[in-house]
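Q: Okay, here's the prediction I keep looking at, along with the sequence it came from:
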Amino acid sequence: MIQSTSYESILYGLHVALIMDGNGRWATRRGLPRLAGHRAGADAVRRTIKAALGLGVDTLTLFAFTAGNWDRPPREVSMLMEIFRDFFREEQDACVTSGIQVSVMGRRDRLPADLREAVDAIEAATERRRAMHVRIAVDYSARDTILRAASRLNAQVQVSQDEFTRVLAEVSHAGGVAPDVDLLIRTGDEQRLSDCLLWECAYAEMVFSPRLWPDFDAADLEAALQEFQSRQRRFGRIPETHSLTVLTDHQDATDHVVALKSA
């Protein structure tokens, strides 16, 4: 059951995204069927939500099932849909109690009817909760979302960044506009975005963990957050201290040129 932890909160207002990779490899290394890895991965989701809530994360986006994952064996896909359905049903009351808003991002038209019902139920039950916003991406593709948002706005000559962001949130069922991703964590020792939140991750810091997703725990999340805190986020700008150094060097060079001309 998802409940708040007793960890001392270290960060607030932060948007963390997680590409949860490695369920299948985790199972294979243990001589287990891939389904066992996915079930263990669902337990890791519970641990991570609990830890993020205790650490003061404001928005947590979990990349669970990409549009490309439909190409996996039909039995595996069917079992994943069942795991998602059971997760939403089982955690609905706990999320309400803990003040967690849950949104499920991605297409709805290809999901089984019972999963859509579970999604609708947990979103309706938690929509007014404000302790943390958890967004779980199921049948999600960043490229597809951007294309559908652009198609909706094709009649407008000019569109602001804020307006486009709002439409992206609408077409992906994101539960409202969320802040840009601050930190993107990918587990499983892979280092790629895999069509995840391409628009929202424009200036995200990235941490790539060798930990397979079912083994990911609160200590791993806290370590990634500490790594994030050590980063200097510039958003394309020059840090103020560096700007002063550049200006000083420029003035020294100018003074030197003037002195030469006067000699």
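A: Thanks, I have the structure now. Numbering: from 1, shown residues only.
Q: name the element the closest residue to Arg108 other than its chain neighbours belongs to?
A: Closest residue in space to Arg108, ignoring its immediate chain neighbours: Arg116 at 5.8 Å, by C-beta to C-beta, 6 or more residues apart in numbering. From N, CA and C alone the C-beta is placed, and that goes for glycine too. Assigned by DSSP states H and E, Arg116 belongs to helix 113-126.
Q: ok, how many other residues are close to the residue nearest to Arg108?
A: A total of 15 residues lie near Arg116 under the criterion other C-beta atoms under 10 Å.
Q: do you know how far it is from Ile122?
A: Computed as C-beta to C-beta, to the nearest Å, the Arg116 to Ile122 distance reads 11 Å.
Q: So what angle separates the directions of the helix ranked longest in the chain and helix 113-126?
A: Counting residues, the longest helix in the chain under DSSP state H turns out to be helix 74-98. Relative orientation of helix 74-98 and helix 113-126, computed by axes from the mean of the first three to the mean of the last three C-alpha atoms, to 10 degrees: 20 degrees.
Q: Which other helices and strands does helix 74-98 contact?
A: helix 34-55, strand 57-66, strand 100-105, helix 113-126, strand 132-140 (3 or more C-beta pairs under 8 Å, 6 or more residues apart in numbering; DSSP states H and E).
Q: Output these as TSV; include the columns mean pLDDT.
A: Formatted as TSV, those follow (pLDDT from 0 to 100):
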stretch	mean pLDDT
helix 34-55	96
strand 57-66	96
strand 100-105	97
helix 113-126	98
strand 132-140	97
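Q: Relative to Glu200, which of the ones you listed is closest?
A: strand 57-66 (8.0 Å; C-beta to C-beta).
Q: just to revisit the earlier point, okay, the helices and strands packed on helix 74-98 in a markdown table with distance to Arg25 next?
A: Compiled in a markdown table, the helices and strands packed on helix 74-98 are given as follows (distance: least, C-beta to C-beta, whole Å):
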| stretch | distance to Arg25 |
| --- | --- |
| helix 34-55 | 8 |
| strand 57-66 | 17 |
| strand 100-105 | 25 |
| helix 113-126 | 25 |
| strand 132-140 | 21 |
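Q: tell me which residues of stretch 106-119 are tucked away?
A: Gly106, Arg107, Leu111, Leu115, Ala118, Val119 (16 or more other C-beta atoms under 10 Å).
Q: So what's the gap between that stretch and the chain middle?
A: 20 Å (C-alpha atoms, centre = their mean, to the nearest Å).
Q: Quick one: end-to-end distance for it.
A: For stretch 106-119, the first-to-last residue distance is 11 Å (C-alpha to C-alpha, to the nearest Å).
Q: which residue ranges form the strands in the stretch 151-263 of the chain?
A: Along the stretch 151-263 of the chain, the segments classed as strands by DSSP state E, counting those that start in this stretch run 183-186, 205-208.
Q: Just the endpoints, please. Distance across stretch 105-115?
A: 13 Å.
Q: Quick one: closest of the strands of the stretch 151-263 of the chain to Leu225.
A: Across these, closest to Leu225 is strand 183-186 (C-beta to C-beta), at 7.1 Å.
Q: Give me the mean pLDDT for that closest one.
A: Averaged over strand 183-186, pLDDT sits at 97.
Q: and that strand, what does it pack onto?
A: Partner elements for strand 183-186 (3+ C-beta pairs under 8 Å, 6+ apart): strand 14-19, strand 205-208, helix 218-230.
Q: rewinding a little: what's the most buried one of the strands of the stretch 151-263 of the chain?
A: Ranked by mean neighbour count, the strands of the stretch 151-263 of the chain are led by strand 183-186 with a mean of 24 (mean count of other C-beta atoms under 10 Å).
Q: Okay, now the sheet partners of that one, with direction.
A: Take DSSP bridges as the rule and strand 183-186 pairs in its sheet with strand 14-19 (parallel), strand 205-208 (parallel).
Q: Export only the CA atoms of the shortest one, formatted as CSV.
A: Spelled out, that is strand 205-208. What follows is strand 205-208, C-alpha atoms only, in CSV (Å, rounded to 0.1, in the frame of the first residue of the first chain):
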residue,chain,number,x,y,z
GLU,A,205,19.0,16.7,-16.1
MET,A,206,19.5,13.0,-16.8
VAL,A,207,20.7,10.2,-14.5
PHE,A,208,21.3,6.7,-15.9
